[in-house]
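**Q** Here you go, sequence then predicted model.
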Amino acid sequence: MPILCEAPVGARELMHSIGGEVRAVGNLRAAAQLLDSDPAEVLVVIGPDAATHEALAFSAALRLDRPAVGVVWARDHVDVELLTLALQSGVREVVPAGDHAALAAACQRSRDVSRRMLTAAPAEDNESARDGRIITVFAAKGGCGKTTLSVNLGVVLARDLGRKVCVVDLDLAFGDVAISVLLDPARTIVDALPMAGHLDVTGAASLLTTYRQGLAMLLAPVTPGDAEKIPASLVGELLGVLRTMFDYVVVDTPAQFSEHVLTAMDASAHHVLLTTPDVPALKNLRVTLDMLDLLSYPRGIRSVVLNRADSKVGLSVEHVQRVVRCPISAHVPSSRAVPVSINKGTPITLDNPAHPVSQAIIRFAQQRLADAPGSGARFPVSLSRRGRRSG
């Protein structure tokens, strides 16, 4: 039963917005006492009557003592400074006191986050040293199928290997992960901005959208201009937290060596390099391999995947291997079923696991990515491009 901290005069209206049975108290000390007596409680709503400095201290303490408990504020005036202070203290959402629909929605979202955290808690207790593997999927040419491969790898790793997986859409300006699986991007990576520098598991969990059992997604921004707001340092911070929450973090990237992409590659245990049997894509793959060598990324953590491998375009697999001077780890056939599955919003590995495309992706995941989580060390930062540049 949620706890509402508000003077009796304003409590009735807020209780109606929260919905259901609500325990109302007049001050934060009484709210803390109720929480102490009820270890199962997961929601506290603090009304506008509570002093801001007291609400900040209460929220910050609760974030450390009971991170699964969500705190939602209803305030008479909401501005950027208040939002920043609140989020820094662990408050999940701040809504205007008179916006009943916003308060009801914020409470429901907070309950959902708490439910996910509590559901995951036993596994995390058993795997307190969770050290997930970050897998970055990259192609220097657009249209090779990065997003399709990333999403389907996430499905296979979660379903067939029984792992806890997160797919991150790092194509910040034109990300398609959400639309490819018909997810509503209500929360995206841009919502992490107020938490930059102090992001923790609770904050990261609030950014995720659940796709299916064992598979969550961190979606790209949808508002024009938001991509430019996200610094590469925040990407590194996010990936560092996510790898403590998941066995695998699959990163879908844009077709360029941006600072954000290189940050993901620095953190990765494996680089999946995608190409198709056409001259521009093969040229760009060759350039990519040379660039990775120049930046001293280990060759042993790379896998080249040839998509649409059986396309009759005058280039054989042997010719492709001669051009890129690198072995091909997986051959994914061309099929009309792939765009059909994309248009349906259902990954082909879910829609038709027995399809040759699905089987190729499953074999690749099992043979190249199915090491025990944490067994693949990240690229050592001391030897990375940053260390070399500074020298």
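**A** Structure received. Quick caveat, the model's predicted, so the values are computed rather than measured.
**Q** C-alpha only now, for contacts and for neighbours.
**A** Noted.
**Q** And for the helix or strand harbouring residue 157, what's in contact with it?
**A** Counting by DSSP states H and E, the element that carries residue 157 is helix 146-159. Residues from elsewhere that reach helix 146-159 (CA atoms under 8 Å, 6 or more residues apart in numbering): 137-139, 163-167, 176-177, 180, 213-215, 248, 250-253, 274, 342, 347-350, 361-362, 365, 370.
**Q** just stretch 3-14 next, same as before
**A** Contacts of stretch 3-14 (CA under 8 Å, 6+ apart): 15, 22-28, 31, 34, 43-50, 97, 100.
**Q** which among those residues end up buried?
**A** 15, 22, 24-28, 31, 43-50, 97, 100 (16 or more other CA atoms under 10 Å).
**Q** Now intersect the residues you listed with the strands, please.
**A** Assigned to strands by DSSP state E, the following of these qualify: 24, 25, 43, 44, 45, 46.
**Q** Select, from the residues you listed, the two members most distant in space.
**A** Largest separation among those by CA to CA: 25 and 43, giving 13.6 Å.
**Q** What residues sit buried inside the helix or strand hosting residue 203?
**A** Using DSSP H and E, residue 203 sits within helix 201-207. By 16+ other CA under 10 Å, the buried positions in helix 201-207 come out as 202, 203, 204, 205, 206, 207.
**Q** What segments of the stretch 1-150 of the chain are strands?
**A** 3-5, 23-25, 43-46, 70-75, 93-96, 133-138 (DSSP state E, counting those that start in this stretch).
**Q** from the chain's centre, how far out does the fifth one sit?
**A** Strand 93-96 has its average C-alpha position 23 Å from the chain's average C-alpha position, going by CA atoms, centre = their mean, to the nearest Å.
**Q** who touches it?
**A** Outside strand 93-96, the residues that touch it by CA under 8 Å, 6+ apart are 71-78, 83, 86-87, 102-103, 106.
**Q** same thing but 7 Å
**A** With contacts defined as CA atoms under 7 Å, 6 or more residues apart in numbering, strand 93-96 is touched by 72, 73, 74, 75, 76, 77, 78, 83, 102, 103, 106.
**Q** Give me the mean pLDDT for that strand.
**A** For strand 93-96, the mean pLDDT works out to 91.
**Q** Restricting to C-alpha, output it in PDB.
**A** Written as PDB, here are the backbone C-alpha positions of strand 93-96 (Å, rounded to 0.1, in the frame of the first residue of the first chain):
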ATOM      1  CA  GLU A  93       9.900  11.300 -11.200                       C
ATOM      2  CA  VAL A  94       8.700  14.900 -10.300                       C
ATOM      3  CA  VAL A  95       5.300  16.000 -11.500                       C
ATOM      4  CA  PRO A  96       3.200  19.100 -11.100                       C
END
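**Q** Walk me through which strands it pairs with, and which way each runs.
**A** For strand 93-96, the paired strands and their directions (DSSP bridges) read strand 70-75 (parallel).
**Q** Export the strand it pairs with to CSV, keeping only CA atoms.
**A** C-alpha atoms of strand 70-75 as CSV (Å, rounded to 0.1, in the frame of the first residue of the first chain):
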residue,chain,number,x,y,z
GLY,A,70,10.5,4.4,-5.7
VAL,A,71,10.0,8.0,-4.6
VAL,A,72,7.7,10.3,-6.7
TRP,A,73,7.4,14.0,-5.9
ALA,A,74,4.4,16.2,-6.6
ARG,A,75,5.4,19.8,-6.4
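**Q** Any idea how far that strand is from the middle of the chain?
**A** Mean C-alpha position of strand 70-75 versus that of the full chain (CA atoms, centre = their mean) differs by 24 Å.
**Q** Contacts for that strand, please.
**A** Outside strand 70-75, the residues that touch it by CA under 7 Å, 6+ apart are 42-48, 59, 91-97, 107, 110, 114.
**Q** what does stretch 45-54 give?
**A** If you take CA under 7 Å, 6+ apart as the criterion, stretch 45-54 is touched by 3, 4, 5, 6, 7, 71, 72, 73, 74, 75, 76, 97.
**Q** could I get the buried residues of helix 201-207 as a markdown table with pLDDT?
**A** A markdown table is the format used below for the buried residues of helix 201-207 (pLDDT from 0 to 100):
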| residue | pLDDT |
| --- | --- |
| 202 | 87 |
| 203 | 88 |
| 204 | 91 |
| 205 | 91 |
| 206 | 89 |
| 207 | 92 |
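**Q** List just the nearest of these to residue 280.
**A** For the buried residues of helix 201-207, the closest approach to residue 280 (CA to CA) belongs to residue 207, at 36.6 Å.
**Q** hang on, that closest one packs against residue 188?
**A** Yes. With contacts counted by CA atoms under 7 Å, residue 207 reaches residue 188, the gap being 6.1 Å.
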